[in-house]
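Visitor: Sequence first, then the predicted structure, then my questions.
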Amino acid sequence: MRFRLRSGLLCRGGALLQPFSAPGGIPLQIGVSPTAVSHHIRGLEAYLNTRLFTRDGRQVQLTDDGTRLADGASQAFRILEAKVNSVARWPEKTTIRIALGPSFATRWLLPRFAGFCAEFPDVELKLVRTPLQVAPQNVDADIFITWGDGRFPGMISEPLVSMLSAPVASPALLERLGHPQSPADLMRFPLIHQRDTLGWNAWFMQAGVRLDGTLPGPVIEDTNVVLQAAASGQGIVMGWIPLINIDLQSGVLVQLFDTTVSENRAYYLVRLEAGLNEGVTSAISGWLLAQTLPAPAA
């Protein structure tokens, strides 16, 4: 019995589907519906006589067997892709896929997009949106930009952007509620949290403010939504410098105090040690890293 390539593709993609219907997920990329993805995965599990996923509602997680199969399939498809590219006659432009989160793409990469196109006119760039906490090894991309501690075994990992956190608010909110006179004064203002309250807790500790109990305020997952809430005067947020530099320079947001907290993680640029288009990928990586260097003195 011949193994069907389409089922293999779905298994490989399954590691990224959380959930199947996520925007830009594998069902859309390979042109089938989430229902068809589920059908093919169930068929593959029946064919292999083992479970590849554990399911909890719409959420899925790879089992140990599924992880081994996904890792092996990823390697096999990279080999197949390399062989196909070695005999194919493609157009002169080289396609490079960069996987990253939407907030970093919007606030750091896109402002540099014109410079990238001028530097690499023969590269067709494709940006791939990635969900949180997905391993670079399971992403179909030449370059992966992710938040973390930089430990990605078997891959080249270089720090790209380090972050400083500081409270920021809109001029409209400050006009309405007044400007806080001290870090402790922030407790009477509406606070907005991203993902959890740890960022605010760390900043208050750095500023010498003792907290009694859990901080109030809504917790929002998406960085862009958090910053939009701040810009519209809904509350004070912990802004990440330099991702909010354009907002500070334009006056959309105001940094309230000089006290900052240095994050113990950073955005890292990650790539395979020997991937496809190694020369182009290496050149692009070097260019991206150079964007974080200070401008030379006049």
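Guide: Everything's here; your move.

Visitor: Run through the helices of the stretch 101-250 of the chain in chain order.
Guide: Applying DSSP state H, counting those that start in this stretch to the stretch 101-250 of the chain gives helices spanning 102-104, 113-119, 171-177, 198-206, 223-231, 245-250.

Visitor: closest to residue 49 out of those?
Guide: helix 102-104 (39.2 Å; CB to CB). In this view, the C-beta of every residue, glycine as well, is placed from N, C-alpha and C.

Visitor: picking that back up, could I get the helices of the stretch 101-250 of the chain as a markdown table with mean neighbour count and mean pLDDT?
Guide: Shown next, in a markdown table, are the helices of the stretch 101-250 of the chain (neighbours: other CB atoms under 10 Å; pLDDT from 0 to 100):
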| stretch | mean neighbour count | mean pLDDT |
| --- | --- | --- |
| helix 102-104 | 17 | 88 |
| helix 113-119 | 12 | 94 |
| helix 171-177 | 14 | 96 |
| helix 198-206 | 17 | 93 |
| helix 223-231 | 19 | 93 |
| helix 245-250 | 13 | 94 |
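
Visitor: now the strands: where do they sit in the stretch 101-250 of the chain?
Guide: 123-129, 143-148, 155-169, 191-194, 219-220, 236-241 (DSSP state E, counting those that start in this stretch).

Visitor: To residue 265, which of the ones you listed lies closest?
Guide: By CB to CB (comparing all of the strands of the stretch 101-250 of the chain), the closest turns out to be strand 143-148, at 5.7 Å.

Visitor: elements contacting the closest one?
Guide: strand 94-100, strand 261-272, helix 278-290 (3 or more CB pairs under 8 Å, 6 or more residues apart in numbering; DSSP states H and E).

Visitor: want to try TSV for the strands of the stretch 101-250 of the chain, with distance to residue 213 as columns?
Guide: Below are those laid out as TSV (distance: least, CB to CB, whole Å):
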stretch	distance to residue 213
strand 123-129	37
strand 143-148	28
strand 155-169	19
strand 191-194	13
strand 219-220	16
strand 236-241	18
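
Visitor: tell me the most buried of these?
Guide: Among the strands of the stretch 101-250 of the chain, strand 236-241 has the highest mean neighbour count (mean count of other CB atoms under 10 Å), at a mean of 24.
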